[in-house]
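>>> turn this into a model:
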Amino acid sequence: MAVTTAFDVDFSGTVAVITGASGALGSAAVDRFLEAGATVCAVDVIAPAEADSQLERDPDDESALAFYETDLTDEDDVAALIETVVDDHGRIDHLLNIAGTWRGGDHVEETDLEAFEMLVDINLKTAFLASKHALPHLQETDGSIVSISARSSLEGGEGDGPYRITKAGIRLLMETIAEENSGTVRANSVMPSVIDTPMNREMMPDADHDSWVDPLEIADVVAFLCSDGAAVTSGAAVPVYGEA
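Take a look at the predicted model:
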C-alpha cells in the first residue's frame, strides 16, 4: 500500500541529526527530513554500503545528506560526533533518537545480565548520550528532540521485560528533558507497536501485515513534532501504532 505525505513541513535552513539512520524507520526519517529541506546528518554504526543498511542513498551524491559512522554507546564517540556535526554544518535544530533494537527473552529471574545490558546500551544509553551532547546546541536554536519509545513500555509484560523497561526509560528521558528545557528545547517521544519492516515480516510471516504501520507514516508524525505546528507540544508520548 502506497503511503502519501499527509502534510507539508519546511525545514529549510535547519540541521537534523538522525540516529539509527541505516534501519527501516531511520531511513524513512532521513527521506522525510530531506524532502522537507533539512540538512540531514545520518548516524549509524552500519554504513550505507553494508548489506544490513536500508539507507539507500550515496552521501557523495546528495549535498543535503552527510553520513557519520559512530558507536552511539561510547560517550567519547558521541561527543566527537556532535562536535563534528556542528563544525561541518554550524548548528543542530533537530535530534531524532531512532537507534534501537527489540529482543524477546526470559522471565526476569532467568534473564542474563549481558542480555539486559545490551538493551539498555542500544536503546536507552544511545538516546541519553546523543541528547546529553546535542542539548547545548539545541538550546541555542530552540530545537527539538524526538525519540522512539514503544506501546509496550506502558505496562509490564511477559518475556520482553528488558525491552519494555528501556523503552519506558526513553519516554521518561524525554519528559525529563522537556521539563528541564521548558521554553527552549521541545522533547517528545512516539510509541510504535509493530512496524511494517522487512525484518518484522520475515520474523512474523503469518501475522496480519495490513494492520502494521508503515515507517513513512511514523516519520510523518516525527516530522510534525519537530515542526512549528507542534510548537506547544513538549513532554508528550504520542501513539503511532494504528491498528497494530
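>>> Gly104: which element?
For Gly104, there is no host helix or strand (DSSP states H and E).
>>> which stretches in the chain count as strands?
Residue ranges of the strands in the chain, as given by DSSP state E, are 15-19, 39-44, 65-69, 94-97, 144-148, 186-191, 237-239.
>>> buried residues of stretch 143-151, list them for me.
Gly143, Ser144, Ile145, Val146, Ser147, Ile148, Ser149, Ala150, Arg151 (16 or more other CB atoms under 10 Å). In this view, the C-beta of every residue, glycine as well, is placed from N, C-alpha and C.
>>> dead centre of the protein: give me the residue that sits there.
Ile98 (1.8 Å; CA atoms, centre = their mean).
>>> now the strands of the chain in JSON lines, with mean pLDDT and distance to Leu138?
Shown next, in JSON lines, are the strands of the chain (pLDDT from 0 to 100; distance: least, CB to CB, whole Å):
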{"stretch": "strand 15-19", "mean pLDDT": "98", "distance to Leu138": "10"}
{"stretch": "strand 39-44", "mean pLDDT": "97", "distance to Leu138": "13"}
{"stretch": "strand 65-69", "mean pLDDT": "96", "distance to Leu138": "17"}
{"stretch": "strand 94-97", "mean pLDDT": "98", "distance to Leu138": "6"}
{"stretch": "strand 144-148", "mean pLDDT": "98", "distance to Leu138": "7"}
{"stretch": "strand 186-191", "mean pLDDT": "96", "distance to Leu138": "9"}
{"stretch": "strand 237-239", "mean pLDDT": "95", "distance to Leu138": "19"}
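>>> distance to Asp121 added to those strands, as CSV?
Shown next, in CSV, are these (distance: least, CB to CB, whole Å):
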stretch, distance to Asp121
strand 15-19, 13
strand 39-44, 15
strand 65-69, 17
strand 94-97, 14
strand 144-148, 15
strand 186-191, 19
strand 237-239, 22
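>>> nearest to Leu55, out of those?
The closest of the strands of the chain to Leu55 is strand 39-44. By CB to CB, the value is 6.1 Å.
>>> other SSEs contacting the closest one?
Using 3 or more CB pairs under 8 Å, 6 or more residues apart in numbering; DSSP states H and E as the contact test, the elements touching strand 39-44 are strand 15-19, helix 24-35, strand 65-69, helix 75-89.
>>> want to throw those into CSV with mean neighbour count?
Output for the helices and strands packed on strand 39-44, formatted as CSV (neighbours: other CB atoms under 10 Å):
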stretch, mean neighbour count
strand 15-19, 29
helix 24-35, 24
strand 65-69, 20
helix 75-89, 16
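>>> turn these into TSV, including distance to Thr233.
Shown next, in TSV, are the helices and strands packed on strand 39-44 (distance: least, CB to CB, whole Å):
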stretch	distance to Thr233
strand 15-19	18
helix 24-35	18
strand 65-69	27
helix 75-89	25
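>>> which residues outside the helix ranked longest in the chain are in contact with it?
Across the chain, the helix with the greatest residue count (assigned by DSSP state H) is helix 161-180. Helix 161-180 is contacted from outside by 97, 100, 102-105, 107-108, 111, 115-116, 119-120, 123-124, 127-128, 131, 135, 145-150, 152-157, 185-189, 191, 234-235, 237, using CB atoms under 8 Å, 6 or more residues apart in numbering.
>>> apart from its chain neighbours, what residue comes closest to Trp102?
Tyr163 (5.7 Å; CB to CB, 6 or more residues apart in numbering).
>>> what's the local residue count around that neighbour?
22 (other CB atoms under 10 Å).
>>> ok, now how distant is it from Glu109?
In this structure, Tyr163 and Glu109 are 17 Å apart, going by CB to CB, to the nearest Å.
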